[in-house]
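Colleague: here is a sequence with its predicted model. Questions after.
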Amino acid sequence: MTLVVLISLAGCGAGRPSDPDAAVAAGRPPSIAPDYIGVIVPPNIAPLNFRVKEDGTAYYLRISSAQGPPIEVADRAGRFRIPLAPWKALLSANLGQPLRFEVFARNAQGIWTRYDAIENTIAPEAVDGYLAFRRMVPWYVTYREMNIYQRCIENFKERALIKNTSVGKPGHQCNNCHSFSANRPDAMTIHTRFPFLMAIARNGEVEAVDTRSELNAAPFAYAAWHPGGKFAVYSVNKIIQFFHNVGDTRDIFDYVSDLLLYDFDSNTTTTWPAIASPDMLETFPTWSPDGRFLYFCRAASIPQEDFPLHYREVKYDLVRIPFDPANRTWGEVETVLSASESGASAGLPRVSPDGRFVLFCLSAYGTFPLFHAESDLYLMNLESRKYEKLSCNSDKSESWHEWSSNGRWIVFSTKRRDGLLTLPYLSYIDADGHAGKPFVLPQEDPGYYEQNPETYSAPVFTTGPVPYSEQSVADALCRKEKARKVEADPEALKKCRRDRK
Amino acid sequence: MARESKKAANRVLTAHIPSALALLAVSVAVFLYMDMAVNPVLIHYAQQPFFRLGGAFLSHHLSYAGGPVEYAAAFLGLFLRFDTAGAALFTLAFLGTCGLWRCSLRRFGMPSGAVRYLLPAFFLTWIHSNYEAPLTATLGMGIALSFFLGLLWMAAGPFWLLNLAFLLMAGALYYLCGAPVVLFLGLYLLHLLFDETVHAKSGALSRLLAGAFAVFSVALLPALLNALFFHEMPVHAYVHLAPWVVKHGAIAGIGPYCEPVELQGRALPPEMAALYLLMGAVGLMTAATTRLSGWKPVQAAMAAVGKLRQRRVIGWVLSGQAGLCCAGLAVFPSFDVNEKQLVTLRYWADAGRWTEYCDLVNREMALHPLFDPSKESKLTDLATVLLDNNRMLYHMGQLPEHLFSYPQLLGANSLLVTDSQFYLENHVMFLPTGDLLFEMGRVNEAERMFYEGWAFYGERASILWRLARLNLVKDRFEAARVFLNILKEVPFERAAAAQMERSMDQDPSLAWAPELIRIRNSDFTVDFPGTIYGPQDQLLAVLLNCHPENRMAFEYLMGYLLLTGHKEEVAKYVPACKRYGYPQLPRHYQEAVIEYVAERDLRELDLGGYTLNPETVRRFQEFRRLAAPCNGDTTKLWNTLAPGFADTYWFFEAMGGPGWGLKAGEPITMGSEPQ
């Protein structure tokens, strides 16, 4: 069967070179935005629409690979919107093959220039088709829109999972900490502040719970669903936002931080001294894929009054603790990477789906790598315990990373573009744990990122669309009076009271 | 024949020319009032409508009910930046409302020659003189009236067509304008109740719609109760209660049905709600005095009113009172004689036009109720003015000389707001504070304030400009470009944004923007982490340590120390004054030093080569002599010392710091501009 080649002449009269091969060679690749040069792309990704940053009166793009007819796009302004269907056909027919972008620009005299071809690669493995994230202007204390969205990354469709205006009055109403059970879209929790509630969406229903209990005055924060999906570990943090006069403006410090296990069915929460020590700060929980180890970050706490002088000394170790899911018993904490060894503070560990690697951040200190320009992604081989900085890092902050369910792709937030706004980048991870050059999530409008003042926080892959409507989540969170209050496990409570005494 | 037709034409002209001339005269008056008294430029400044070219902005506004009219209002709002165009726009709105309302009243059988049709347009004009009334509501009202007239035009057609048109138009109006659909529904229901042509065709439908109106009115009941128990204007109460209705609607599982209520709450400012009520009242009054038919109980009630109306005296009293009530309802929440001064001050402060600011503050603000202790002050306005006053003093080179010539009613917060709770409750302070911090070189803190301001006001070109400049100062050129790219889509900002982008690309050293270089060179080089409201004296001292030449940081530090009573610290910093080239030690510093020396009975103090002015020393002795018999009684102190010493540091301290109601001082003269 012969594929019909669609020629998109979006810019009316933009035209194409009569003989592309006769165009004058520029001798260099074109300057384009976003940077889609030399990247490895999944075969199911949406078209990499881009803008040519070269002078010209008309532009022409030819995309080709080993199999199938090329795609041709012409535009007067050099804003290439690649048609979806031929793009999909081309990528799916050329797994593991190079993907070549040839860009031509016509000058005022009508002479076409041919730039060196951009060579990308189509990976053999697909990426999870959906990405959930929070998108907002980087608000500080007062908020306007602060919504969590899900985007299909195979095309450009996006919908809100929850909007803050659906739950309360904008101002201080915050939605945060969306999490899923092992990339499954049908098991999700989302937190909201004012009211302090957590929406639990599972088994086809959405309900809201007030996560504050006698064990924890603060509500749940960072989440880690156990792979079984029946319970999750949450951090509870007493957080302060403070400000620097030099460098990144904002910073976060945890005065108190513990981990709690929450059972969805019984609506009870419990804890264990090893993950909730009064002398230690435990945070950023994540499970190994078999659910037998809980990885988290841990640092010795400092008195609140010492914070202004000593906050830079708080560096987190990466640790793990064995867990027996059948009896729900914990073992002894084992240090995976100490701060003294790395000289830095570990954050946001994420174990790869095959259990071979743990991906984490290292930053100079503290617990919020997003606000640390020096924060970089590191990958540790859990067998050899060797770790190395991934090649996909930049000189700006990298953080909030997640694995796709097949373990071949990661998505992470980075401020590399401008040092201010975090954007979601995807990177290929090969079998040996090496990262490919990352690329920003493609958008329908090629110039989208160049005039979008919003940040993308905490991107998370899911394998499908979330089956719960925004209205159902908002309705659950609006029924504050009907929200169940989380019960503290009596045994844990006794222990906690003893500790407090 | 020809003569007869000429006579007829003359009769028509004779009948219409006077009213046309009157309307013209009124229109000219409205134009002049809006242009000269209100000043559309200030309305534009107060609201700063944000409009972007391009499909994304349009499609966003087409995606929700009420969005299209917001889009149109944002576009028209752009022209308010020109006083003549803005005044013309308001005059057109005035004339349009007159015309539409006159046609509407005629449908209710308004007697010819009545001028009731002018009332809503007058109120609309007054409402817009309060600087905050959005064009959205005005446009929505015009569109709702147009739809209503369109519907009446169809009333002559088949009844099914009328009903179909009603449903379609109500739906379309809800999508286009949101809340103004209430006006459309209200007017149509009035029409149904009183227009015999429709009622004659279907009394049942008339009752059904009247019933629907009654159900809708139930939503007003909580507002009326609130007004009764909490003494709040019904229209205010209704707007405030809208979120409550939505919330409890959601709990009861009828959230989506409460959406119109929520929309009204968000889109209807109280003034416009009052205007709606006024229109309904005028319509009702007119209907009651003319053709009467329709639903029997209403018919009976209106007939009773009509009979009263026929008794000339009672009728005049009734209609007069109704008119007065409506006028009061509309004008009361919107009329504020001082608002223009406050908006003008903010406008000049934002534009850095300190000379004009100084003139106005000295001419008008001395008698401003904000500074009258016997009147309740609006804290937010007060704080903004105090902050800007002090910034003006700095720019006029008079902060060390005349700090206490101006009210410092919030103490150190008059200079730099340090109270976090105050910020959270008074969001209007974010941008003035951000501007002050940015100018001083406290760039990171300014960034936070600009974003807080954005969250409060929404997207505004002025905020995007602030962030573009700030990111240039922080060497984040790509981030600056994001804001410039947005501004390039904003009419009237495009050229300047493109120019800045070109300059940025051609010369990244920012040599083309000396002010930005100055700010960059004034920023902290040593981190002093903490909360933004942290100890200002320490923050300023660290900043000064980083850049001793930062005169603004120095004067604000000294001002802060004066306002917090740290005389010893003031004395410590006095030798540093040489660095800033003061020809003699500034007056307030001298006052603090003299008092400090007297209190400690010091024989020697390093003044860095400055000497104390003998006249200041003499005045201090005089002050002490007069203050001694008062024994700390603030009333006596006020009466004794205010006439001669109200503008001194000694008086401020003797009165126990802030809290006393000093009027603005004498006009100050232009000082040297800080280098």
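Modeller: Thanks, I have the structure now. Residues are numbered from 1 along each chain as shown, chains lettered A, B, ... in the order given.
Colleague: first to last residue in stretch B:412-431, what's the distance?
Modeller: 18 Å (Cα to Cα, to the nearest Å).
Colleague: again but with stretch A:372-390, I slipped
Modeller: 17 Å.
Colleague: sec struct for the closest residue to residue A:150 other than its chain neighbours, please.
Modeller: In this structure, residue A:150 finds its nearest non-sequential neighbour in residue A:132, 4.7 Å apart by Cβ to Cβ, 6 or more residues apart in numbering or on different chains. Heads up, the C-betas are built off the backbone N, CA and C, glycines and all. Using DSSP: H, G, I helix; E, B strand; the rest coil, the three-state assignment for residue A:132 comes out as strand.
Colleague: could you count how many residues lie near residue A:132?
Modeller: 22 (other Cβ atoms under 10 Å in any protein chain shown).
Colleague: so what strands line up beside the helix or strand hosting residue A:257?
Modeller: Using DSSP states H and E, residue A:257 falls within strand A:250-263. Sheet partners assigned to strand A:250-263 using DSSP bridges are listed as strand A:231-243 (antiparallel), strand A:268-270 (antiparallel).
Colleague: just checking, the residue nearest to residue A:150 touches residue A:178?
Modeller: Yes - between residue A:132 and residue A:178 there is a contact under Cβ atoms under 8 Å: 5.6 Å.
Colleague: which residues are in contact with both of the two?
Modeller: The contact sets of residue A:132 and residue A:178 overlap at A:148, A:161, A:460 (Cβ atoms under 8 Å, 6 or more residues apart in numbering or on different chains).
Colleague: from those, which are also near chain B?
Modeller: The subset of the shared contacts of residue A:132 and residue A:178 within reach of chain B, by Cβ under 8 Å from any Cβ of the partner chain, is empty.
Colleague: want to throw the strands paired with strand A:250-263 into JSON lines with distance to residue B:525 and mean pLDDT?
Modeller: Formatted as JSON lines, those follow (distance: least, Cβ to Cβ, whole Å; pLDDT from 0 to 100):
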{"stretch": "strand A:231-243", "distance to residue B:525": "16", "mean pLDDT": "92"}
{"stretch": "strand A:268-270", "distance to residue B:525": "47", "mean pLDDT": "95"}
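Colleague: among those, which is nearest residue B:73?
Modeller: strand A:231-243 (35.9 Å; Cβ to Cβ).
Colleague: list the buried ones in that closest one?
Modeller: Within strand A:231-243, the residues that count as buried by 16 or more other Cβ atoms under 10 Å in any protein chain shown are A:231, A:232, A:233, A:234, A:235, A:236, A:237, A:242, A:243.
Colleague: so residue B:609 sits against residue B:578, correct?
Modeller: Yes - using Cβ under 8 Å, residue B:609 makes contact with residue B:578 at a distance of 6.3 Å.
Colleague: between these two, tell me which one has more neighbours.
Modeller: residue B:578 (13 against 9).
Colleague: so who does the closest residue to the more buried one other than its chain neighbours touch?
Modeller: Closest residue in space to residue B:578, ignoring its immediate chain neighbours: residue B:608 at 5.2 Å, by Cβ to Cβ, 6+ apart. The neighbourhood of residue B:608, defined by Cβ under 8 Å, 6+ apart, consists of B:574, B:575, B:576, B:577, B:578.
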